[in-house]
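Trainee: model this:
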Amino acid sequence: WKDNIRFVEDDLKQLKYQEELFQITQNSDYAFDFGAEPLTATTEAWSTVYSNHYMVEPRFRGVFPSSRFDPATGFGWIEARDLTADRPRNISGYVWQGANKNAPALPGEALLGDFIRGSQPAVFRIDLPEGHYQGTVIVTDKSAKATDHGPMSVSVVERFGDRPIIERQVVRAGQTLIKRFNFNMTGERFTTFRLKFSADPGADYVVNAVMFTRVEPHIAHIPIPTARPGQNLRVTAGVTLPPPPNDEHPLTSLGIITSNASTLEVPSGVVRVTLKYVTGPEGVSRSVDMQTSETASYFATLPAEDVKAGMIRYYFEAEDSTGRVVRLPNQSAERAYFQTDVTDDQTAPVVAHSAVAEHPPGQPLEIRAKVTDDSAVSKVLLYYRPTRQTMEYAAVTMDRRGSEYVATIPGKAITPAFDIMYYFEAFDEHGNACIYPSPDVIQPYLVVKVKRGGAGRTAPTGK
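Mentor: Coordinates of the predicted model:
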């Protein structure tokens with residue numbers, strides 16, 4: 001077990017990093033991670049070196065030197081001549097498996113560990129909906145061979161000129177520069193936002209991340225699928241507000257704001273978070289102000305007498321110091337409330353399945369499972385992929401046929417290059433769910449050996 005301490009320590013380091021990163025990024029609405037393009041995922045080749053895909057920060061969209069503006073995605077470079085990015089080191093499959101105990105090259109910081117650099121002016125465009133935003137630019141060089149960069153400049157491209165955010169600043173090796181600025185996008189023809197990056201002659205600039213966050217409360221919540229009748233129900237939510245801007249040139253107009261927009265007030269904090277809910281067969285509506293015990297974390301407890309068999313529907317409201325009120329879920333959402341099923345059934349479905357041992361390549365593979373539940377099964381999903389870390393799982397809803405659920409892995413997904421791994425996820429009508437095989441008992445997947453011609457030929461089986 002001592003051989004694995006370094007992996008545990010790295011996990012703790014990553015958790016700390018994510019906590020610190022959230023203080024910077026919070027709940028951004030549009031977030032972009034600048035760096036090298038990840039390796040192309042494919043099922044047709046295999047190597048002991050797997051992927052640098054880890055260098056795109058979760059919740060962020062990757063922006064690469066080749067990411068030209070695409071109207072379909074709404075972002076990209078519209079002017080760029082000499083952009084480059086150093087490809088991060090690839091991570092061996094042995095590291096992902098925890099098998100390389102001697103000198104593991106563990107993954108680095110995804111957002112701050114890589115960047116795009118250039119010396120000629122480049123313009124990044126994003127199409128934003130109308131609204132009041134805070135923009136954030138992050139610049140740092142924490143690479144193994146970190147150097148100084150600049151003097152560099154970042155500016156907003158307006159109709160009648162550029163508005164500076166960073167002016168001829170040198171960013172020292174290992175230094176992290178974070179610039180926040182507020183602006184307003186008003187009018188349908190003015191929803192194109194452009195950032196220009198430039199450097200003095202003979203110098204270069206770097207950029208790690210760009211984020212855009214609406215200047216309003218942001219509510220985050222993990223829905224509660226079920227609750228027991230007659231018991232108190234604790235409901236929690238995270239509520240954040242963009243921090244005050246720190247730029248020396250407040251962007252009160254950007255040349256795209258209506259005449260009264262310069263008087264926009266920056267909120268100083270969240271003044272109210274309210275939980276509103278409807279409970280019981282009579283549909284009684286209630287409201288309770290949520291309490292906070294720490295920054296951004298709010299909670300409220302529904303009393304046992306309100307937690308009655310049936311359904312609880314609820315939503316949140318958060319108000320900032322300027323009177324701006326935000327609702328989650330939004331009233332325009334497909335479902336304008338969260339829903340908790342109040343029931344004594346707290347048991348997940350049970351899955352019974354006979355594992356498939358092997359299968360020929362190129363042929364469809366039918367997977368069957370028997371799924372039972374004390375109430376009723378609502379949905380069963382089959383997840384599958386080749387045994388390669390760079391590949392994402394494909395998911396398919398299984399069909400009910402008699403007492404079994406059936407789905408087919410298409411033949412094109414089964415190649416001689418890799419074996420196939422799969423697992424199930426089953427839900428009942430109350431939202432109770434299980435994964436099979438259970439990760440609490442055994443490895444949470446099954447592997448099908450792909451048949452191959454020729455003696456002694458086997459497929460890679462790294463997971």
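
Trainee: list the contacts for residue 299?
Mentor: By Cβ atoms under 8 Å, 6 or more residues apart in numbering, the contact set of residue 299 is 234, 235, 236, 237, 290, 291, 292, 293. C-betas here are computed from N, CA, C, even on glycine.

Trainee: hey, what's it bridged with?
Mentor: For residue 299, the beta-bridge partners are residue 236, residue 291 (DSSP bridges).

Trainee: how much space between it and residue 328?
Mentor: With distances taken as Cβ to Cβ, to the nearest Å, residue 299 is found 15 Å from residue 328.

Trainee: any idea which helix or strand comes after the lengthiest helix in the chain?
Mentor: Determined from DSSP state H, the single longest helix within the chain is helix 5-25. For helix 5-25, the succeeding helix or strand toward the C-terminus, using DSSP states H and E, is strand 30-34.

Trainee: pull the CA atoms of that next one into CSV?
Mentor: Backbone C-alpha positions of strand 30-34 (Å, rounded to 0.1, in the frame of the first residue of the first chain) are rendered in CSV as follows:
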residue,chain,number,x,y,z
TYR,A,30,-18.8,30.8,-20.9
ALA,A,31,-15.3,29.5,-20.1
PHE,A,32,-12.4,28.7,-22.5
ASP,A,33,-9.1,26.9,-21.8
PHE,A,34,-6.3,27.9,-24.2
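
Trainee: would you check that residue 208 makes contact with residue 138?
Mentor: Yes. Counting by Cβ atoms under 8 Å, residue 138 is a contact partner of residue 208 at 4.8 Å.

Trainee: what is in contact with these two at once?
Mentor: 111, 112.

Trainee: is it true that residue 127 touches residue 192?
Mentor: Yes. Taking contacts as Cβ under 8 Å, residue 127 lies within contact range of residue 192: 5.7 Å.

Trainee: all helices of this structure, in order?
Mentor: Counting by DSSP H, the helices of the chain are 5-25, 93-96.

Trainee: name the residues of the longest helix of the chain that are buried.
Mentor: Buried residues in helix 5-25, defined by neighbour count with 16 or more other Cβ atoms under 10 Å: 17, 21, 24, 25.

Trainee: so who does the third one touch?
Mentor: With contacts defined as Cβ under 8 Å, 6+ apart, residue 24 is in contact with 136, 138, 178.

Trainee: retrieve the pLDDT associated with the last one.
Mentor: It stands for residue 178. Note for residue 178: predicted pLDDT of 92.

Trainee: that older thread, what mean pLDDT does the longest helix of the chain get?
Mentor: 79.

Trainee: now stretch 37-53
Mentor: pLDDT averaged over stretch 37-53 gives 48.

Trainee: so where's the stretch 51-200 of the chain shaky on pLDDT?
Mentor: 51-54, 88-108, 187-190 (pLDDT under 70).

Trainee: redo that, cut-off 90
Mentor: Within the stretch 51-200 of the chain, the ranges that satisfy pLDDT under 90 run 51-59, 79-81, 86-114, 129-133, 142-145, 150, 157-163, 181-192.
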